[in-house]
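In: A structural model of the following input is requested.
(2 chains)
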Amino acid sequence: MQWSEIRKSYPNQWLVIEAMKSHITPDNCRKPDDIAVIQTCSDGASAMKTYRRFHQQFPLREFYFIHTGHEELNIRERQWIGVRIQ
Amino acid sequence: MMQLALKYNLPFTSITVAYQGITTDIPHVLIDTGSGRTILAADIVACLGIVPSEKDMPYAVRGVGGTEIVFARRVDYVKIGEYRLSDFEIEIGGMDYGFEINGIIGTDFLINSGAIINLRESYIEFENYGGAT
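Out: Got it, this is the predicted structure:
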């Protein structure tokens, strides 16, 4: 589904979504093209918790926690090497 | 000046964060010159009432270990030792890395504060001490 369709089906709702297909714009924004709704959530904190659970279980899949109040998805991406412990 | 504790051979310290008048002390925070932004663990800052709001557009942070989705929040201040940086934007993420870490102080804080990291004697101090409020 596209984000505009999801907004119609889930107005004013916290969601965990998965981008089945997405592209990255030249200014480093992620634009999900095909989205699946994974779970509806009661608030932002529980949406983030749910996201973390899915992300840990399926680290290669592209999940987001997001409220459908946003007209567009503009997810900025930045690079980070990360912490490596000895 | 603030002591650094070496764990996993990495320099950790404690910080204080204030948000909407509430403060909390956060131990086990990594000093990381390899990170451009400061990030704190969601479970820790939840006690300050920092949770994702409807207006938050998430960010994707991509690294060697994969991608993590975070959100950003401007806090009253972040303080290390006696040095305080006010009106400072942090990122908040799950930080489920499998070892004890509550946050990462990145170069956004370290450069702004003029930090001097002394790994021989394990402390961090701030050149701009008292300069910023």
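
In: For the nearest residue to B:S53 once chain neighbours are set aside, list the residues it contacts.
Out: Leaving out its chain neighbours, the residue that sits closest to B:S53 by Cβ to Cβ, 6 or more residues apart in numbering or on different chains is A:G44, at 5.9 Å. From N, CA and C alone the C-beta is placed, and that goes for glycine too. Contact analysis of A:G44 by Cβ atoms under 8 Å, 6 or more residues apart in numbering or on different chains lists A:14, A:65, A:67, B:51-54, B:56.

In: Compare these and tell me which has the most neighbours.
Out: Ranked by neighbour count (other Cβ atoms under 10 Å in any protein chain shown), the contacts of A:G44 have A:F65 at the top, with 27 neighbours.

In: Show me what from chain A comes close to chain B.
Out: Contact residues (Cβ under 8 Å from any Cβ of the partner chain) of chain A with chain B: A:14, A:30, A:43-45, A:47-48, A:51-52, A:55-56, A:59-60, A:62-67, A:69-70, A:73-86.

In: So which of those residues belong to strands?
Out: Those of these mapping onto strands are A:14, A:30, A:63-67, A:75-79, per DSSP state E.

In: Save the residues you listed as a markdown table, and put in pLDDT too.
Out: Shown next, in a markdown table, are these (pLDDT from 0 to 100):
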| residue | pLDDT |
| --- | --- |
| A:W14 | 98 |
| A:R30 | 93 |
| A:F63 | 97 |
| A:Y64 | 98 |
| A:F65 | 98 |
| A:I66 | 98 |
| A:H67 | 98 |
| A:I75 | 95 |
| A:R76 | 94 |
| A:E77 | 92 |
| A:R78 | 86 |
| A:Q79 | 82 |
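
In: hey, which helix is longest across chain A?
Out: In chain A, taking DSSP state H as the definition, the longest helix is helix A:44-57.

In: Give the buried residues for it.
Out: By 16 or more other Cβ atoms under 10 Å in any protein chain shown, the buried positions in helix A:44-57 come out as A:44-52, A:54-55.

In: what about it, distance to the chain center?
Out: Distance of helix A:44-57 from the chain centroid (Cα atoms, centre = their mean, to the nearest Å) equals 10 Å.
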